[in-house]
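Asker: Prediction below, plus the sequence it came from.
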Amino acid sequence: MTPTSTITILLSEAHILTLNDGSTQPCGFWAEEFITAHRIFTAANIRTIIATPGGGAAHVEPDSMHAPHSPDPDGYRTYLSGLSENLRAPAALETVDPSTVDGIFVPGGYGPVVDLHKNSHVGEFLRALRREGTPIATVCHGTAALLADTASGATWPYAALTMTSFSDQEEADVGLLGTLPFTVEQEIQRRGGTYTAGHPWQQHIEITDTLITGQNPASTEAVAEQLTQRIANYSSSTTRSGTR
């Protein structure tokens, strides 16, 4: 069956995270979040465009491929191997026409706090999606991408909206609270967003209009399913009205 809908999966190009003390650690996208969502979109017969801001390679965060962070290390390696070409040479986001996609999904890993949060192409793409009312879904540190959607001197468009991301408590649990350049929770609050969190490491999502956000890896399935349902509902309604 030919896919009738398209989702852009936006990944970071970053592979090194520099901490406040000058030390570094490997980073990238979080395997569980990317793979869980990709499987759901594929099962729903949705075409996916894997993209990075400039078309550079996307790197999986090494920690996400090993126990206890990975529930299925061998399965994840096999799955990512099947997408190796797409990850090695993804689409450059600036070459993707926002009007041709039905949604965007941004998974976490620490990569987004290195590059996505300040990338102009990311900001422009998200602004275009907002204007069209296209669903935007993020999970964990992927919510940092929303920080890029700010015109110079303008109020953050997500101010006063309710959203979630990896929490400060979870950052503390992994030993990085106080060592990161910023935390997504604190930056959301600083920009005027309404931040919520559930219990650490448990599923928690927020839905505000066309924005769907999840707190952590355990929230990925719910976020991806909500995005899939939004797209299915939109496609069904526009097909009936003859506008698609």
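Answerer: Good, I have the coordinates.

Asker: From here on, just use CA atoms for contacts and neighbour counts.
Answerer: Noted.

Asker: Show the residue spans covered by the strands in this structure.
Answerer: Using DSSP state E, the strands assigned to the chain run over residues 5-10, 16-18, 24-26, 46-52, 91-92, 103-106, 136-139, 162-163, 194-195, 205-208, 211-214.

Asker: so how many other residues sit close to Phe41?
Answerer: Using other CA atoms under 10 Å, Phe41 is surrounded by 20 other residues.

Asker: Can you tell me the closest non-neighbouring residue to it?
Answerer: Counting by CA to CA, 6 or more residues apart in numbering, Thr228 is the residue found nearest to Phe41 once chain neighbours are left out, at 6.8 Å.

Asker: For Ser12, give its distance to Cys27.
Answerer: In this view, Ser12 and Cys27 are 9 Å apart by CA to CA, to the nearest Å.

Asker: sorry, that was for Ala154
Answerer: Counting by CA to CA - Ala154 and Cys27 are separated by 31 Å.

Asker: With Met163 instead?
Answerer: 24 Å.

Asker: Not counting sequence-adjacent ones, nearest residue to Glu94?
Answerer: His121 (6.0 Å).

Asker: go on, Glu185?
Answerer: Ser167 (5.8 Å).

Asker: Ramachandran angles for that neighbour?
Answerer: Main-chain dihedrals, Ser167, degrees, to the nearest 10: phi -90, psi 160.

Asker: Name the stretch among the strands of the chain that sits most buried.
Answerer: Greatest average neighbour count among those goes to strand 136-139 (a mean of 28), per mean count of other CA atoms under 10 Å.

Asker: for that strand, packing partners?
Answerer: Secondary-structure packing of strand 136-139 (3 or more CA pairs under 8 Å, 6 or more residues apart in numbering; DSSP states H and E): strand 103-106, strand 211-214, helix 220-241.

Asker: what about the first one, average pLDDT?
Answerer: Averaged across strand 103-106, the pLDDT comes to 99.

Asker: List the neighbouring strands of that strand plus their orientation.
Answerer: strand 5-10 (parallel), strand 136-139 (parallel) (DSSP bridges).

Asker: Look up how far Glu187 lies from Thr36.
Answerer: Counting by CA to CA, the gap from Thr36 to Glu187 is 27 Å.

Asker: ok, the two, which is more surrounded?
Answerer: Thr36 (17 against 14).

Asker: tell me the contacts of the more buried one?
Answerer: Thr36 makes contact with 220-221, according to CA atoms under 8 Å, 6 or more residues apart in numbering.

Asker: picking that back up, give the residues shared as contacts by Ser12 and Cys27.
Answerer: By CA under 8 Å, 6+ apart, the residues touching both Ser12 and Cys27 are 59, 111.

Asker: And the two? Which one has more around it.
Answerer: The residue with more neighbours, out of Ser12 and Cys27, is Ser12; 32 against 25, by other CA under 10 Å.

Asker: got a pLDDT number for the more buried one?
Answerer: At Ser12, pLDDT is 99.

Asker: what's the spacing between it and Gly142?
Answerer: Here the criterion is CA to CA. By it, Ser12 lies 9 Å from Gly142.

Asker: Touching both of these two, which residues are there?
Answerer: Pro112.

Asker: what's in contact with stretch 162-171?
Answerer: Under CA under 8 Å, 6+ apart, the answer for stretch 162-171 is 139-143, 177, 183-186, 193-197, 200-201, 204-208, 212-216.

Asker: same thing with stretch 208-227?
Answerer: Contacts for stretch 208-227 (CA under 8 Å, 6+ apart): 32-33, 36-37, 40-41, 103, 105, 133-141, 143, 161-167, 197-198, 201-207.
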